[in-house]
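In: any chance you could fold what I've pasted below:
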Amino acid sequence: MASRLLGSFATDIVTVTVGWQIYTLTRDPLDLGLVGLSLAAPIFLFSLFAGLAADRLNRRAIIATSNSIHALAAGFLLYYAMTGSSEPWPIFLAIFLHGSAKAFEDPSTTSILPSLVERKQFPTAIAYAHSFEKVAEIAAPALAGVLIALIGVWVYLIAATCFAVSAGSSALLKAPHRERILQAISFSELVGGFTYVWSNKLVLAVMSMNLVAMVFSGVLGMLPAFAIDVLDVGPEGLGVLRTMPAVGAIAVGFLLVRLPLKDNVGRTLIASIMCIGLSVVAFSLSEIFWLSLVFLALFGAADMVSTNIRNTLVQMVTPEEMRGRVASVHSVTAGSSDEIGDFRAGAAAAAIGLVPAVAIGGVITFSL
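Out: Residues are numbered from 1 along each chain as shown. All right, here's what the predicted structure looks like:
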């Protein structure tokens, strides 16, 4: 929990700061989309190898190493910001490095959890894990907004420190020992996660539904543009905007801890995705700050329900020896979907305007 909390805390600080920095430099929503693309591209490039690494290598070491790389990326972002340069491409490169580490970290983080708790406790453990992450998502963006206003880019130093402590916490994890047989990697083993997902229609349906929904409902990456051009709030306002999805999510998350979903799970998943689409449409049309906060909280609450159902189903039906590779496929559909959605929204906003681009995406999500 310490590793997840600090890692999520630092990630959200970097996300808010990079978004504000990029948009104040270029005022182009497409660049906000390119930040999302820089995060998503490594997941597609490395997902096969990351999943296999999670199944063949020490997951604890992978998580610790990934957090160390996150710390280096945050340190570089601080250094580059101090140079005063206005070229955005080095920022994209640093985010690509950050995304590459995330591509390897996510499958190991996801697949190590079932080995830390008993099977009957796993749904509750999932809810706790995501709730702790949402606690970070509440505190970090709000704090980042205030710190940007107070100390500027030095906020990256705080993120780098949190990543470093998260790496140390990861190194202390005590998961059961797994026998690892060193052998040549076959192509069938490399693509085993995709093969398993394709053959398991339940897992395939859940992942596909989430991927399509999140691609069209992308809104979080556009928040710097909404904060500056629509709602006319500063970095503090951006921090609060970014916090609200987590506020809604953690409220629902703690409810799921007490009352895990057991009945009508499929219908609940569909209803949650429809709510995501409606909240995105409502947010895009709002010009009132407090009302926008409410719609973002509803967005986060619905997404938390969807996430809880998806992660529980995928992990519960996946064999231990396949969890790393399946988690890697899950990273492609879940871990990159938000970023791909941000890129879609940024590209569309550059073509037809910010509000129509986000609103149309919400309508499509609801219609799915």
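In: when you work out contacts or count neighbours from here on, use the C-alpha atoms and nothing else.
Out: Noted.
In: low-scoring stretches of the stretch 251-368 of the chain, by residue?
Out: Counting by pLDDT under 70, the low-confidence segments of the stretch 251-368 of the chain come to 257, 259-263, 315, 317, 320-324, 327-328, 330-336.
In: elements contacting the helix or strand containing residue 24?
Out: Assigned by DSSP states H and E, residue 24 belongs to helix 2-26. With contacts taken as 3 or more C-alpha pairs under 8 Å, 6 or more residues apart in numbering; DSSP states H and E, helix 2-26 sits against helix 29-56, helix 122-151, helix 155-171, helix 223-225, helix 235-258.
In: can you add distance to residue 277 and mean neighbour count and give the ones you listed back as TSV?
Out: What follows is those, written out as TSV (distance: least, C-alpha to C-alpha, whole Å; neighbours: other C-alpha atoms under 10 Å):
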stretch	distance to residue 277	mean neighbour count
helix 29-56	19	24
helix 122-151	20	22
helix 155-171	31	23
helix 223-225	16	26
helix 235-258	14	23
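In: mind checking which of those helices is nearest residue 366?
Out: Among the helices and strands packed on helix 2-26, the nearest to residue 366 by C-alpha to C-alpha is helix 235-258 (17.9 Å).
In: what is the orientation angle of the helix holding residue 24 with helix 29-56?
Out: Interaxial angle, helix 2-26 versus helix 29-56 (axes from the mean of the first three to the mean of the last three C-alpha atoms, to 10 degrees): 160 degrees.
In: buried residues in helix 2-26, which are they?
Out: Residues of helix 2-26 classed as buried: 3-23 (neighbour count, 16 or more other C-alpha atoms under 10 Å).
In: mind telling me which of the helices and strands packed on helix 2-26 the model trusts least?
Out: Within those, confidence is poorest for helix 122-151, with a mean of 81 (mean pLDDT).
In: could you check how far the helix holding residue 24 is from the centre of its chain?
Out: Here helix 2-26 shows a centroid-to-chain-centroid distance of 11 Å under the convention C-alpha atoms, centre = their mean, to the nearest Å.
In: what angle sits between it and helix 155-171?
Out: Angle of helix 2-26 versus helix 155-171, following the same axes, to 10 degrees, is 160 degrees.
In: just send the helices and strands packed on helix 2-26 back as JSON lines, with distance to residue 348 too.
Out: Listed next are the helices and strands packed on helix 2-26 as JSON lines, based on distance: least, C-alpha to C-alpha, whole Å:
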{"stretch": "helix 29-56", "distance to residue 348": "8"}
{"stretch": "helix 122-151", "distance to residue 348": "25"}
{"stretch": "helix 155-171", "distance to residue 348": "30"}
{"stretch": "helix 223-225", "distance to residue 348": "13"}
{"stretch": "helix 235-258", "distance to residue 348": "21"}
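In: of the ones you listed, which is nearest residue 195?
Out: helix 29-56 (11.5 Å).
In: and that closest one, what does it pack onto?
Out: Where contact means 3+ C-alpha pairs under 8 Å, 6+ apart, helix 29-56 is packed against helix 2-26, helix 89-112, helix 187-190, helix 323-330, helix 337-352.
In: quick one: that helix to helix 89-112, angle?
Out: Relative orientation of helix 29-56 versus helix 89-112 (the same axes, to 10 degrees): 40 degrees.
In: just the angle between helix 29-56 and helix 337-352, please?
Out: Using the same axes, to 10 degrees, the inter-axis angle of helix 29-56 relative to helix 337-352 is 160 degrees.
In: residues in contact with whichever helix or strand comes after helix 29-56?
Out: Per DSSP H and E, helix 29-56 leads on to helix 59-83 as the next helix or strand towards the C-terminus. Residues outside helix 59-83 that contact it (C-alpha atoms under 8 Å, 6 or more residues apart in numbering): 7, 14, 53-54, 90-91, 94-95, 97-98, 101-102, 104-105, 108-109, 112, 153-154, 156-157, 159-164, 166-171, 173, 175.
In: roughly how far apart are residue 77 and residue 168?
Out: Residue 77 is 22 Å from residue 168, where distance means C-alpha to C-alpha, to the nearest Å.
In: and for residue 17?
Out: Distance from residue 17 to residue 168, by C-alpha to C-alpha: 24 Å.
In: residue 358 now?
Out: Counting by C-alpha to C-alpha, the gap from residue 358 to residue 168 is 39 Å.
In: residue 125 contacts residue 116, correct?
Out: No - applying C-alpha atoms under 8 Å as the test, residue 125 and residue 116 come out as separate, 9.4 Å apart.
In: check which helix or strand covers the residue lying closest to residue 251 once chain neighbours are set aside.
Out: Excluding the flanking residues, the one nearest residue 251 by C-alpha to C-alpha, 6 or more residues apart in numbering is residue 301, at 7.3 Å. Using DSSP H and E, residue 301 sits within helix 289-317.
In: what packs against that helix?
Out: Using 3+ C-alpha pairs under 8 Å, 6+ apart: helix 289-317 touches helix 122-151, helix 201-216, helix 235-258, helix 265-285.
In: still on that earlier bit, so which of the helices and strands packed on helix 29-56 is nearest residue 33?
Out: Closest of these to residue 33 is helix 337-352, at 3.6 Å (criterion: C-alpha to C-alpha).
In: got the angle between the closest one and helix 201-216?
Out: Computed with the same axes, to 10 degrees, the direction of helix 337-352 lies at 30 degrees from that of helix 201-216.
In: residues contacting helix 337-352, please?
Out: With contacts defined as C-alpha under 8 Å, 6+ apart, helix 337-352 is touched by 28-37, 39-40, 210-212, 214-222, 354-358, 361.
In: how about the helices and strands packed on helix 289-317 in CSV, adding distance to residue 297?
Out: Converted to CSV, the helices and strands packed on helix 289-317 look like this (distance: least, C-alpha to C-alpha, whole Å):
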stretch, distance to residue 297
helix 122-151, 11
helix 201-216, 16
helix 235-258, 4
helix 265-285, 9
